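Enquirer: dropping the sequence and predicted coords here.
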Amino acid sequence: MKRVVKLAAGAVLFGTVAGASMVGVNLAANQMGLHAASAYETQADTAFQPSTENAMSSAAETTAAQQSSRTDTELSSVRTVAKDAMPSVVAITNMVKYQQNGFSIFGNYQSQETEVPASGSGVIIGKTDTELLVVTNNHVVADSSSLSVTFVDGKSVDAAIKGTDASADLAVVAVKLSDIESATLDAIKVITIGDSDRIEVGDQVVAIGNALGYGQSVTTGIISAKDRDVETSDGTESGLLQTDAAINPGNSGGALLNMNGELIGINVAKYASTEVEGMGYSIPSSKAKEIISNLSSLTTRDQVPENERGYLGVQVKNIDKATSQSFDMPQGVFIYKFTEGSSAQNSGLQEKDIITKLDGQGVTDYNSLQSLLSKYRAGETVKVTVQRQDGSGKYVETEVTVTLGSSESSNTNASGGNGQTGGSQNPFERNDGGQGSDGSSGEQQTPNDGSSRLPSQDEILEEFRKFFNQYQR
């Protein structure tokens with residue numbers, strides 16, 4: 001028993017001494033500014049178990065910093081691309097003659113012609129010794145009575161159409177260098193054309209154009225899709241780039257740029273719909289490059305006085321979208337007869353040929369063909385590209401050379417201006433004036449006396465079917 005008591009007393013004494021020692025160590029450590037902790041606790045705090053709250057706060061700060069950094073980088077890139085490309089983008093103002101037909105309050109038929117301005121965009125793609133070249137959409141400059149180009153510094157200069165391709169909806173406009181002030185020449189520059197084939201879905205792009213005619217504006221987005229086919233009233237446009245960058249009226253002909261500031265597309269606002277958002281379209285540079293090069297090589301021409309203009313010496317009819325689909329024919333201008341007495345040397349052409357190009361410039365209807373011919377004089381030689389049926393009924397592209405003639409009967413155009421009929425009766429023309437002045441089988445006009453019923457689209461298409469079947473090989 002005494003031994004047990006001695007052992008207990010010894011244990012108490014040892015504990016007291018050990019406790020006193022630890023208290024002394026802690027007091028000494030506190031005086032030195034240190035924290036006393038076990039080796040395990042110290043190791044856990046410093047290596048394995050950081051505070052959850054501190055860790056989340058640190059991660060959130062890191063994520064926010066990354067997002068802020070990424071946003072700043074993207075904005076900086078768009079800003080840089082826009083600043084770099086602005087000198088290459090122009091605003092185009094097109095004065096268009098508008099024919100307004102109708103009846104007065106007294107019941108008299110009236111026709112009035114007025115000029116209205118239309119706005120579009122363009123991109124500077126080249127410079128020769130005498131001209132600055134600007135690419136735009138064909139529909140931006142179509143039917144123009146005068147054109148002007150406004151540069152990044154706000155200076156406007158008269159311009160002229162160098163070449164057009166209605167089938168691709170592209171045109172090249174020329175501005176004389178002598179008309180541009182030296183300060184403006186220093187402020188503008190030629191765009192670098194990139195390779196649209198290398199662009200991928202999801203890549204960021206920047207669009208610049210004269211939106212709504214207010215002047216240059218910038219939008220950004222991504223490539224939503226490639227090789228899109230878009231149905232329009234004029235036909236099908238194929239192989240387009242789709243983007244969610246805003247492309248509004250006035251942006252037509254403007255630039256779609258990659259993040260290197262290279263031109264990868266020509267924006268087309270007319271393919272956008274007010275019923276949807278985030279679906280804009282652009283003609284890819286890979287598709288446009290060859291056409292632009294061809295149009296840029298043409299001689300810039302002014303319109304020729306009507307009595308000096310050249311004529312192909314053929315009677316034609318439009319193959320519009322509906323007719324093209326119904327008969328599986330190329331869209332263009334269908335030759336159904338030669339004009340009697342014409343001085344044109346056009347033996348290379350054949351009946352039932354479909355004209356698709358004149359001097360390498362695409363045409364889709366008689367209006368676009370007539371617009372090109374208005375710049376050529378009688379006696380000039382032109383290349384005409386046609387689609388011609390082979391023995392199997394398939395259409396093959398053929399190029400022929402025609403020396404334009406001059407025909408008084410073609411000038412008067414007795415059958416209503418539908419492609420140089422030379423006084424012959426067009427098989428689709430109605431005596432009540434239902435035939436449209438552009439030669440389109442679907443065009444309807446109000447007769448002068450207002451008394452006769454106009455043919456419906458189905459009736460006109462049926463007339464064409466009967467005519468076409470009559471001469472079908």
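Expert: Received it, and whenever you're ready, just let me know what you need.
Enquirer: use CA for all of it now, contacts and neighbours both
Expert: Noted.
Enquirer: where does pLDDT dip in the protein?
Expert: Residue ranges of the chain with pLDDT under 70: 1-76, 96-116, 232-235, 270-276, 407-473.
Enquirer: which stretches of it form helices?
Expert: 2-31, 39-43, 52-85, 138-141, 182-187, 285-296, 321-327, 366-373, 408-412, 457-471 (DSSP state H).
Enquirer: leaving out sequence neighbours, find the closest residue to residue 364.
Expert: Closest residue in space to residue 364, ignoring its immediate chain neighbours: residue 332 at 4.4 Å, by C-alpha to C-alpha, 6 or more residues apart in numbering.
Enquirer: nope, residue 245 is what I was after
Expert: Counting by C-alpha to C-alpha, 6+ apart, residue 245 lies nearest to residue 221, which is 4.3 Å off, once chain neighbours are set aside.
Enquirer: what bridges to the residue nearest to residue 364?
Expert: Assessed by DSSP bridges, residue 332 has beta-bridge partners residue 319.
Enquirer: count of neighbours near it?
Expert: Residue 332: 28 surrounding residues under other C-alpha atoms under 10 Å.
Enquirer: isn't it right up against residue 353?
Expert: No - Residue 332 is beyond contact range of residue 353, at 9.5 Å (criterion: C-alpha atoms under 8 Å).
Enquirer: was I right about residue 384 contacting residue 401?
Expert: Yes - look at residue 384 against residue 401 with C-alpha under 8 Å: they come within range, at 6.1 Å.
Enquirer: and those two? which has more neighbours close in?
Expert: Neighbour count, other C-alpha under 10 Å: between residue 384 and residue 401, residue 384 has more, with 21 against 17.
Enquirer: residues contacting the more buried one?
Expert: Shown in contact with residue 384 (C-alpha atoms under 8 Å, 6 or more residues apart in numbering): 355, 356, 357, 358, 359, 360, 399, 400, 401, 402.
Enquirer: other residues contacting stretch 299-309?
Expert: Residues outside stretch 299-309 that contact it (C-alpha under 8 Å, 6+ apart): 160-163, 174, 373-378, 406, 411.
Enquirer: quick one: which of those residues has the most company?
Expert: That'd be residue 163 among the contacts of stretch 299-309, by other C-alpha under 10 Å, with 28 neighbours.
Enquirer: who's in contact with that residue?
Expert: Shown in contact with residue 163 (C-alpha under 8 Å, 6+ apart): 171, 172, 173, 295, 296, 298, 300, 361.
Enquirer: make TSV from the residues you listed and add neighbour count and distance to residue 240 to it.
Expert: Below are the contacts of residue 163 laid out as TSV (neighbours: other C-alpha atoms under 10 Å; distance: C-alpha to C-alpha, whole Å):
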residue	neighbour count	distance to residue 240
171	27	17
172	30	19
173	29	22
295	24	20
296	24	22
298	15	26
300	17	28
361	25	20
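Enquirer: of all the residues you listed, which comes closest to residue 226?
Expert: Nearest to residue 226 out of the contacts of residue 163 is residue 171 (C-alpha to C-alpha; 22.5 Å).
Enquirer: what about the nearest residue to the closest one once chain neighbours are set aside, neighbour count?
Expert: The spatial neighbour of residue 171 that comes closest, neighbours along the chain excluded (C-alpha to C-alpha, 6+ apart), is residue 164 at 4.2 Å. A count of neighbours around residue 164, defined by other C-alpha under 10 Å, yields 33.
Enquirer: now do residue 164 against residue 376, distance only.
Expert: 14 Å (C-alpha to C-alpha, to the nearest Å).
Enquirer: same question, residue 155
Expert: Taken as C-alpha to C-alpha, the span from residue 155 to residue 376 is 31 Å.
Enquirer: what of residue 295?
Expert: Using C-alpha to C-alpha, one gets 16 Å for the distance from residue 295 to residue 376.
Enquirer: in stretch 169-188, what's buried?
Expert: By 16 or more other C-alpha atoms under 10 Å, the buried positions in stretch 169-188 come out as 169, 170, 171, 172, 173, 174, 175, 176, 177, 180, 184, 188.
Enquirer: the third one contacts residue 125, correct?
Expert: No - at 11.7 Å, residue 171 does not count as touching residue 125 under the criterion of C-alpha under 8 Å.
Enquirer: need the overlap of contacts for those two.
Expert: residue 135.
Enquirer: residues near residue 391, how many?
Expert: Neighbour count of residue 391, defined by other C-alpha under 10 Å: 8.
Enquirer: which one is residue 184 nearest to, not counting chain neighbours?
Expert: residue 153 (6.7 Å).
Enquirer: what about the one you found, how many neighbours?
Expert: The number of residues packed near residue 153 is 14, by other C-alpha under 10 Å.
Enquirer: where does it sit relative to residue 181, distance-wise?
Expert: Distance from residue 153 to residue 181, by C-alpha to C-alpha: 11 Å.
Enquirer: go on, residue 166?
Expert: With C-alpha to C-alpha as the criterion, residue 166 and residue 181 are 32 Å apart.
Enquirer: over to residue 334?
Expert: Noted for residue 334: a distance of 46 Å to residue 181, by C-alpha to C-alpha.
Enquirer: same question for residue 391.
Expert: 58 Å.
Enquirer: with residue 218 instead?
Expert: Residue 218 is 26 Å from residue 181, by C-alpha to C-alpha.
Enquirer: now do residue 377
Expert: Residue 377 sits 33 Å away from residue 181, taking C-alpha to C-alpha as the criterion.
Enquirer: ok, now residue 163?
Expert: Distance from residue 163 to residue 181, by C-alpha to C-alpha: 24 Å.
Enquirer: biggest separation within the buried residues of stretch 169-188, which pair?
Expert: 169 and 184 (28.5 Å).
Enquirer: re the thing from before, now, among the contacts of residue 163, which is nearest to residue 132?
Expert: The closest of the contacts of residue 163, once distances to residue 132 are taken by C-alpha to C-alpha, is residue 173, at 8.3 Å.
Enquirer: distance of the closest one from residue 182?
Expert: With C-alpha to C-alpha as the criterion, residue 173 and residue 182 are 20 Å apart.
Enquirer: same question, residue 217
Expert: For residue 217, the distance to residue 182 - C-alpha to C-alpha - is 25 Å.
Enquirer: no more questions from me, cheers.
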